[in-house]
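>>> Pasting a predicted model and its sequence here:
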Amino acid sequence: MRRFDPAVTAVAETRYGLEPGTVLSVALEWPRIEPVITGRVSHADWLLGIADTLADRVGGPDTARNLMVEYDAYHGGIVTEVLTFVRSVRQAGVRVVLATNATDALDLDLDAFGLTGDFDAVANSSVLGSYKPQKEFFLAACSMVDASPSECLLIDDADRNVRGARAAGLSALRFNGPEDLSYARAALSPS
């Protein structure tokens, strides 16, 4: 639903003397990302941890915190075709759950993008305490709309999440781009 343009964040990284992609690489280190996407660490504390890790590379803790403020100011962009798809299938009576590995800042992002009313439920890993591709995550997401896994379709851009959803009993489609939505729309249409 949301895409991040690495060129946008590369501007800040370059200004602070880092190679483009450095902040994301540090942010996604598993021992750092797992606690924040399972709600054991706040988004703010996660950012401070990234800043602490980068401090020596950018000239100290204050500079690193400034970098993280700039980096975190970019929230990506909504893929218009996906939002149109979500709205159209909901209008047709299909319940939609936003299923995402996210931090406790997700509600703020949804509000900033004006998306708070576009889903029947939000399965946020930091609230659930489990994450995609774990079976528990998918079962919790299905239960949010009182549906069994066999009644649900996951659309995701990561193979591991598609495989995890299928292992949990859901149908799943790998999203490679807006052209895949015609197949998803057909899969969701009544027979």
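Now that the structure is in, tell me what you want to look at. Residues are numbered from 1 along each chain as shown.
>>> Next SSE downstream of the helix ranked longest in the chain?
Using DSSP state H, we find that the single longest helix of the chain is helix 43-58. Reading on from helix 43-58 to the C-terminus, the next helix or strand found by DSSP states H and E is helix 61-72.
>>> what helices or strands is that next one leaning on?
helix 6-15, helix 22-27, helix 43-58 (3 or more Cβ pairs under 8 Å, 6 or more residues apart in numbering; DSSP states H and E). Any C-beta I mention is one placed from the backbone N, CA and C, and that applies to glycine too.
>>> Reformat these as JSON lines; add distance to residue 82, mean neighbour count and mean pLDDT.
Converted to JSON lines, the helices and strands packed on helix 61-72 look like this (distance: least, Cβ to Cβ, whole Å; neighbours: other Cβ atoms under 10 Å; pLDDT from 0 to 100):
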{"stretch": "helix 6-15", "distance to residue 82": "19", "mean neighbour count": "14", "mean pLDDT": "95"}
{"stretch": "helix 22-27", "distance to residue 82": "22", "mean neighbour count": "18", "mean pLDDT": "97"}
{"stretch": "helix 43-58", "distance to residue 82": "23", "mean neighbour count": "18", "mean pLDDT": "98"}
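>>> now for those helices, which one comes closest to residue 184?
Nearest of the helices and strands packed on helix 61-72 to residue 184, taken as Cβ to Cβ: helix 6-15 at 26.2 Å.
>>> Many thanks, we can stop here.
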